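# Curious how this folds, go ahead:
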Amino acid sequence: MFLTGDSGFAREFLYFDRDLLVGVALADVVSDALSSVYFFHDPGWRSRALGVFSILQQLRFARELGLQRQYLGYWISECQSMSYKSQYRPHEILQRYPADDEEPVWIRATEAGPEIFSA
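This next block holds a predicted model:
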């Protein structure tokens, strides 16, 4: 559905430099939040922080829709391309991977302490 554009909840954010497509973000709109699904960009634009720009644009979009939250997706501290996610607050961190029959336990980043943010 996402790729064909047939769903009412999926949004595509396209970023252009004149006529050149330089970045694409995919997001879902749910009842009270915007859920950022994926972002990709022209590698030549890496130094311009298009991911950060995209998050700011998505925050603006979510605010215009009156949404209460924006979910940035999973953050893996060892993955350099995801490091920007740790800059946004508040956020929650999965305490540990639960068994299939357990509920996950999330902790607020401020409760986690600095050691959780080291790469």
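# As a check, name the ranges of all strands in this protein.
Counting by DSSP state E, the chain has strands at residues 10-17, 20-29, 33-41, 69-71, 92-94, 106-108.
# mean pLDDT lowest for which of those?
With a mean of 77, strand 92-94 has the lowest mean pLDDT of the strands of the chain.
# So which bits of that one are buried?
Buried residues in strand 92-94, defined by neighbour count with 16 or more other C-beta atoms under 10 Å: residue 93. In this view, the C-beta of every residue, glycine as well, is placed from N, C-alpha and C.
# Tell me which other helices or strands it touches.
Helices and strands touching strand 92-94, by 3 or more C-beta pairs under 8 Å, 6 or more residues apart in numbering; DSSP states H and E, are strand 106-108, helix 109-112.
# how about the nearest residue to residue 34, chain neighbours excluded?
residue 62 (4.1 Å; C-beta to C-beta, 6 or more residues apart in numbering).
# ok, now which ones touch that neighbour?
33, 34, 69, 70 (C-beta atoms under 8 Å, 6 or more residues apart in numbering).
# distance of the nearest residue to the third one once chain neighbours are set aside from residue 22?
It stands for residue 69. Leaving aside its chain neighbours, residue 69 sits nearest to residue 33 (4.0 Å; criterion: C-beta to C-beta, 6+ apart). In this view, residue 33 and residue 22 are 26 Å apart by C-beta to C-beta, to the nearest Å.
# Tell me which residue of this protein is furthest from the middle?
residue 101 (26.8 Å; C-alpha atoms, centre = their mean).
# List the buried residues for the longest helix along the chain?
Longest helix in the chain, counting residues (DSSP state H): helix 50-64. Of the residues in helix 50-64, those buried under the neighbour-count criterion (16+ other C-beta under 10 Å) are 50, 51, 53, 54, 55, 58, 59, 61, 62.
# Let's have those residues in a markdown table, adding distance to residue 8 and pLDDT.
Putting the buried residues of helix 50-64 into a markdown table (distance: C-beta to C-beta, whole Å; pLDDT from 0 to 100) gives the following:
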| residue | distance to residue 8 | pLDDT |
| --- | --- | --- |
| 50 | 27 | 86 |
| 51 | 26 | 86 |
| 53 | 26 | 90 |
| 54 | 21 | 91 |
| 55 | 23 | 89 |
| 58 | 17 | 93 |
| 59 | 21 | 90 |
| 61 | 15 | 93 |
| 62 | 16 | 92 |
